[in-house]
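Trainee: Kindly generate the corresponding structure for this input.
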Amino acid sequence: EDVIAFDRSNLSVVQIGDRWKVVEGTHWLLDFGPGQGNAVAALHFIRKYRFDEICFVGRPDPSMTYFKTRGRRLRFVEIIDPRRIEDPIDPPIWWRHQDELAAAKSPWLDFSAEQLGTRPAVSETNGFVIEVRRADASEVVERHGITGLTVGRETEIRLADPSEAVDIGIAHFGEPPTLIAFRGLKAVAECVPDAVQRQIENVRLVGDGIDRVVITSPDGEAVLNYIRSRHQQQRRAATKKKRPR
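Mentor: Numbers count the residues shown, from 1 in each chain. Okay, the predicted model is just below:
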């Protein structure tokens, strides 16, 4: 068993070329290829369960990889993983600055860190306006070990800036909800999570200029665990070549 310790407060999701990685500074822990949603979900669960060690059984090509949480008793763990990110992320920026830059480009709202209890039916946090429709109030609850905002029969999430992708962490305890992304009045993406109950699923909605997402739950038995949006990339206008006279 190889054990690698890390500081979860320094972890972030970065894109290196066309691959998405969970990294700690210049060391990468996990590589998800083109799957940004999987990388975001992995970082969410690492923080949620307070993991600070990654373990491998047999390397290279380990037969098993798993995470652990160290106890309060300090112990020495030799960091033996020599892998480093080869591609530059940005002109030298320290980790926390990089996190701030990522947060500006990809706003994030995690309800697992919110206090349990009642809150207004319409609220704004981290640039997201969340409205639980046809309700006097909303509520952050914990059910079967999953913390999230109850979505009622219908909840609308309005984004501060148009986005090209929105990741929604959602869990249900009955019928699976339907998630639809809109640009204005036009639906640009739709997804229904897996029918398996009591698990958080990362639902990625991709479309041009997404400005809101509507979650419809047939029985009201669903909770919103997290939201992350990726701002629309500004496209440069193609420059026209001047014809020689």
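Trainee: Spell out which strands sit alongside the longest strand belonging to the chain in the sheet and which way each one runs.
Mentor: Scanning the chain for the longest strand, with DSSP state E as the assignment, gives strand 154-172. According to DSSP bridges, strand 154-172 forms sheet pairs with strand 128-132 (antiparallel), strand 201-216 (antiparallel), strand 222-231 (antiparallel).
Trainee: Restricting to C-alpha, output it in CSV.
Mentor: The C-alpha coordinates for strand 154-172 follow below in CSV (Å, rounded to 0.1, in the frame of the first residue of the first chain):
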residue,chain,number,x,y,z
GLU,A,154,-40.1,23.1,-9.0
THR,A,155,-37.0,25.2,-8.5
GLU,A,156,-35.4,27.8,-10.8
ILE,A,157,-31.7,28.7,-10.6
ARG,A,158,-30.8,32.0,-12.3
LEU,A,159,-27.1,32.6,-13.2
ALA,A,160,-25.4,36.0,-12.9
ASP,A,161,-23.6,35.5,-16.2
PRO,A,162,-24.3,33.4,-19.3
SER,A,163,-22.6,30.0,-19.1
GLU,A,164,-21.6,27.3,-21.5
ALA,A,165,-21.9,24.5,-18.9
VAL,A,166,-23.6,24.0,-15.5
ASP,A,167,-22.9,21.2,-13.1
ILE,A,168,-25.7,20.3,-10.7
GLY,A,169,-25.3,17.9,-7.8
ILE,A,170,-28.7,16.4,-7.2
ALA,A,171,-30.1,13.5,-5.2
HIS,A,172,-33.6,12.1,-5.1
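Trainee: tell me the angle the helix or strand just after that strand makes with strand 201-216.
Mentor: On the C-terminal side of strand 154-172, the closest following helix or strand by DSSP states H and E is strand 178-183. Counting by axes from the mean of the first three to the mean of the last three C-alpha atoms, to 10 degrees, strand 178-183 lies at 80 degrees to strand 201-216.
Trainee: my read: Val140 touches Ser112, true?
Mentor: No: contact criterion C-beta atoms under 8 Å: Val140 and Ser112 do not qualify, at 9.2 Å. In short, each C-beta sits where N, CA and C put it, glycine included.
Trainee: re earlier: can you tell me which of the strands paired with strand 154-172 is nearest to Gly145?
Mentor: When the strands paired with strand 154-172 are compared by C-beta to C-beta, strand 222-231 sits nearest Gly145, at 11.4 Å.
Trainee: ok so, going back, got the buried residues for the longest strand of the chain?
Mentor: Neighbour-count burial for strand 154-172 flags 154-159, 163, 165-172 (criterion: 16 or more other C-beta atoms under 10 Å).
Trainee: In contact with the residue nearest in space to the middle of the chain, which residues are there?
Mentor: Centroid-nearest residue in the chain: Val40, 3.9 Å away (criterion: C-alpha atoms, centre = their mean). Listed by C-beta atoms under 8 Å, 6 or more residues apart in numbering, the contact partners of Val40 are 13, 167, 202, 228.
Trainee: The same query, at a cut-off of 6 Å, please.
Mentor: By C-beta atoms under 6 Å, 6 or more residues apart in numbering, the residues touching Val40 are 13, 167, 228.
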